[in-house]
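> For reference, the sequence and a predicted model appear below.
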Amino acid sequence: HLATSLPLPSERDHLRPRIDLIVFMIDIKSKYSLKNVEASLAYVEARFFLGKVCFLVTGVGRVNYCSIETNAISKLGEAYCSPVLFCELELEGILVSTAQRLLRMLRICAGFVRGVSALSFGSLMRNSD
């Protein structure tokens, strides 16, 4: 399910499936994108920052068009104890590997990988950055 910002509308709460992973997408070419994510973070329950949130930064292949400093995004990941993934969605190989990585993360966060918790996986992701 996709949402452009948080909070989610409450009138559909009873129909909403369980949320296992929140991926905040930040377009490095748009300062509005980062501001929208920062505003949305206030609506995320603290327990989700225990391995169930990550930041996906797109457009990193276009350094000349960047409106956001990558350092600011890395600091955001550190502040919320959440991994930051940098990718270029216009390159098919990177797009596929990023999608596979997100699916692996989702399987872990949903509890489908025995012996690995979202918290331990999130900790490993942060340590590998």
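Ah, there it is.

> Just give me the neighbour total for the spatially closest residue to Val113 that is not a sequence neighbour.
Spatially, and ignoring its direct neighbours in sequence, Val113 is nearest to Arg107 (5.5 Å; C-beta to C-beta, 6 or more residues apart in numbering). Every C-beta, even on glycine, is put in place using the N, C-alpha and C of the backbone. Each residue near Arg107 was counted by other C-beta atoms under 10 Å, and the total is 15.

> which residues are contacting whichever strand or helix holds Arg107?
In this assignment (DSSP states H and E), Arg107 forms part of helix 92-109. Helix 92-109 has contacts (C-beta atoms under 8 Å, 6 or more residues apart in numbering) with 20-21, 23, 51-52, 54, 56, 85, 87-89, 113, 116-118, 121, 125.

> What mean pLDDT does it get?
Helix 92-109 carries an average pLDDT of 92.

> Check stretch 12-21 too.
So the average pLDDT for stretch 12-21 ends up being 85.

> Next one: the residue nearest to Val113 from Phe86, what distance?
Distance, Arg107 to Phe86, by C-beta to C-beta, to the nearest Å: 22 Å.

> Ok, Lys52 next?
20 Å.

> Please enumerate the strands of the chain.
Using DSSP state E, the strands of the chain run over 22-27, 53-58, 84-86.

> What's the end-to-end length of stretch 75-86?
Start-to-end span of stretch 75-86 (C-alpha to C-alpha, to the nearest Å) is 14 Å.

> in it, what counts as buried?
Leu76, Gly77, Tyr80, Ser82, Pro83, Val84, Leu85, Phe86 (16 or more other C-beta atoms under 10 Å).

> can you put those in a markdown table and add distance to Leu8 and pLDDT?
A markdown table is the format used below for those (distance: C-beta to C-beta, whole Å; pLDDT from 0 to 100):
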| residue | distance to Leu8 | pLDDT |
| --- | --- | --- |
| Leu76 | 21 | 92 |
| Gly77 | 23 | 91 |
| Tyr80 | 19 | 92 |
| Ser82 | 19 | 90 |
| Pro83 | 23 | 90 |
| Val84 | 23 | 92 |
| Leu85 | 23 | 92 |
| Phe86 | 26 | 90 |
